[in-house]
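J.: Need the 3D shape of this:
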Amino acid sequence: MDILKTALLEMCRKKKRSFFYPDLIIQEMYPEDWRHFYPELVLLIESLLQKSTIELEGPRSSDLYQDIVNRTIKIRCLGKPKS
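T.: Alright, predicted model coming up:
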């Protein structure tokens, strides 16, 4: 399992059933360079949405990248996160 997905699932454990901004994950992992990891975060979120592992809160546009950067959406895990 890749480290970004592991970090996202860990954030889900911390936040329980609360929504959170997805970029908090990369900010914790890479405090200096987190802005460079948006593309990987977008791919992970798209994958987890397709698998119905997470859900979104907030108005979603056609550009998930901008939604994350502009913090117009939040995410939360559906069910208990598994490693």
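J.: For I26, see how far away the spatially most distant residue from the centre of the chain is.
T.: In the chain, the greatest distance from the average C-alpha position (Cα atoms, centre = their mean) is reached by E32, at 18.5 Å. To I26, E32 is 11 Å away according to Cβ to Cβ, to the nearest Å. To be clear about C-beta, it is placed using only N, CA and C from the backbone, and glycine gets the same treatment.
J.: same thing with Y65?
T.: 13 Å.
J.: what sits in contact with each of these two?
T.: Residues touching both Y65 and I26 (Cβ atoms under 8 Å, 6 or more residues apart in numbering) are Y38.
J.: Looking at the two, which one has more neighbours?
T.: A count of neighbours by other Cβ atoms under 10 Å puts I26 above the other of Y65 and I26, at 21 against 15.
J.: Now do whichever strand or helix holds the more buried one, average pLDDT.
T.: In this structure, I26 sits in helix 23-29 according to DSSP states H and E. For helix 23-29, the mean pLDDT works out to 94.
J.: For the helix or strand following that helix, buried residues please.
T.: Counting by DSSP H and E, the next helix or strand C-terminal to helix 23-29 is helix 38-50. Neighbour counts over helix 38-50 (16 or more other Cβ atoms under 10 Å) mark 38, 41-42, 44-45, 48 as buried.
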